[in-house]
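Engineer: please work out how this folds:
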Amino acid sequence: MCPKRAENQEPVNREVDVQRLSVLGSTGSIGTQTLDIVRLFPDRFEVCALTAGTNADLLITQAREFLPECVVIGDARRRKQVEEALEPLGIRVLAGREGLCEAAALDKVDTVVAALVGFAGLESVIEAVRAGKNVALANKETLVVAGQLVTHLLKEHRGTLVPVDSEHSAIFQCLVGEPANSVESLILTASGGPFRTRPAETFGSITRAEALAHPNWSMGAKITIDSATMMNKGLEVVEARWLFDIPAERISVLVHPQSIVHSFVVFSDGSAKAQLGLPDMRVPIQYALSYPERWPAPHERLDWSEAMHLHFEPPDRAKFPCLDLAYEALGAGGSAPAILNAANEQAVALFLSDKIRFTDIPDAIDRALGSVPVQEHPDLAYLIACDAETRRVVLEHVRTITI
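Structural biologist: Numbers count the residues shown, from 1 in each chain. Okay, here's the model as predicted:
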């Protein structure tokens, strides 16, 4: 079960007064909500590093509030702006990929919150794992692309990894105290996104604005589109395989439009556990940071006095082919999930730029999975090259598309 420890490794020391954080992607949805948790428990945390991609203004505001040792701006063109703003505070300003990796491995940091979106977060998570940090993982693409590699590194460097995604956090919570051999299957719940009941024949006319209007969750653009295509759930299946060491055939998906039940674990005696709560990412973020404790917090509660009907249904796999593409990639193994992820990221970016239709997203992924060679045991260098090649294949494919 996750987190795992190497043999003879001592339990993670959670009795320290202050937990020192590096928040990778502090200006995004998960990053800003992580800082909400820090504000709730100011005596429990020290923010040592904050990183952003392009949002220099918000990064500067956060740095002035939390006074970290260093900040990283991914867009090197904005480094001077950040340096000038933070010079009076003596905060070190780094930039680019190298700065991000340095922030992930700072000596004084206890926990790295990996909140970057997509493949861009992979190298920094690997650096954090190699440095033996506790990693609160919100970047599902890390395990999708490099699950085999990261699992090996966690054992080698005696690191720990706790999931932040609501579904994986739910499973993680349900597994606490349970023997590993008692788990029969995992069931990931899905909201169904904004098009659960929309006729498939109208999918070709779906607009960017419609796809970004998620009925339950407030998320970044990329993950919201992934929810609309149900690729988000496919990526979570791949992530769950590595997080919990459960084969794909024992991981299933169930649509639950209310997003109250965040996932199930079914045990060998026929019983099942589920974790319930309102759709609020601050809860799994806080649990990842407080584990194995639970800290009292003023997050909104379910009102159990009201009549509540929980609806579940199987996903429409014909209408949402991305789910089967994810299972296909997981079954192929090796670098196939990296191809899946890169093709999806590139196709979603093209859709968000109005370059392709909503229905072109799974077609582009399918084309890439059938075109890019799969390596059985890829290293990081190969995964980086595979990502670039897959994006090239998708861009080449979409040149033939007329919208």
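
Engineer: okay, helices next: where are they in the stretch 51-200 of the chain?
Structural biologist: Using DSSP state H, counting those that start in this stretch, the helices of the stretch 51-200 of the chain run over 56-66, 79-86, 96-104, 122-130, 141-157, 166-175.

Engineer: okay if I get those as CSV plus distance to residue 331, mean pLDDT and mean neighbour count?
Structural biologist: Glycine gets a C-beta too; all of them are placed from N, C-alpha and C. Below are those laid out as CSV (distance: least, CB to CB, whole Å; pLDDT from 0 to 100; neighbours: other CB atoms under 10 Å):
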stretch, distance to residue 331, mean pLDDT, mean neighbour count
helix 56-66, 41, 98, 19
helix 79-86, 44, 97, 17
helix 96-104, 31, 95, 20
helix 122-130, 22, 95, 24
helix 141-157, 14, 94, 21
helix 166-175, 20, 97, 25
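
Engineer: can those helices go into JSON lines with extra columns for distance to residue 358?
Structural biologist: JSON lines is the format used below for the helices of the stretch 51-200 of the chain (distance: least, CB to CB, whole Å):
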{"stretch": "helix 56-66", "distance to residue 358": "30"}
{"stretch": "helix 79-86", "distance to residue 358": "36"}
{"stretch": "helix 96-104", "distance to residue 358": "32"}
{"stretch": "helix 122-130", "distance to residue 358": "27"}
{"stretch": "helix 141-157", "distance to residue 358": "21"}
{"stretch": "helix 166-175", "distance to residue 358": "23"}
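
Engineer: tell me which of these lies nearest to residue 260.
Structural biologist: Proximity to residue 260 (CB to CB) singles out helix 166-175 among these, at 10.9 Å.

Engineer: tell me which other helices or strands that closest one touches.
Structural biologist: Here helix 166-175 touches strand 160-163, strand 183-190, helix 231-244, strand 261-267, strand 272-276, helix 282-290, going by 3 or more CB pairs under 8 Å, 6 or more residues apart in numbering; DSSP states H and E.

Engineer: list the buried ones in the third one?
Structural biologist: Of the residues in helix 231-244, those buried by neighbour count under the rule 16 or more other CB atoms under 10 Å are 231-244.

Engineer: sorry, back to before: closest one to residue 357 among the helices and strands packed on helix 166-175?
Structural biologist: Taking those one by one with CB to CB, helix 231-244 is closest: 15.3 Å.

Engineer: so for the closest one, mean pLDDT?
Structural biologist: Confidence for helix 231-244, expressed as mean pLDDT, is 96.

Engineer: work out the gap between the next helix or strand after that helix and the centre of the chain.
Structural biologist: Downstream of helix 231-244, the next assigned helix or strand under DSSP states H and E is strand 251-255. Chain-centre distance of strand 251-255: 18 Å, with CA atoms, centre = their mean, to the nearest Å.

Engineer: and what of stretch 271-279?
Structural biologist: Offset of stretch 271-279 from its chain centre (CA atoms, centre = their mean): 20 Å.

Engineer: circling back to that earlier point, make CSV out of the buried residues of helix 231-244 and add distance to residue 368.
Structural biologist: Converted to CSV, the buried residues of helix 231-244 look like this (distance: CB to CB, whole Å):
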residue, distance to residue 368
231, 13
232, 18
233, 19
234, 14
235, 15
236, 20
237, 18
238, 15
239, 20
240, 23
241, 20
242, 21
243, 25
244, 27
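
Engineer: among these, which two are most distant?
Structural biologist: Checking these with CB to CB, the most distant pair is 231 and 244, at 20.2 Å.

Engineer: count of neighbours near residue 363?
Structural biologist: The tally of other residues near residue 363 (other CB atoms under 10 Å) stands at 16.

Engineer: and if you look at residue 326?
Structural biologist: Quick note: residue 326 (other CB under 10 Å) scores 27 neighbours.

Engineer: what ranges does the stretch 251-400 of the chain have for its helices?
Structural biologist: All helices of the stretch 251-400 of the chain, identified by DSSP H, counting those that start in this stretch, fall at 282-290, 322-332, 336-352, 360-371, 380-398.

Engineer: great, nothing more from me.
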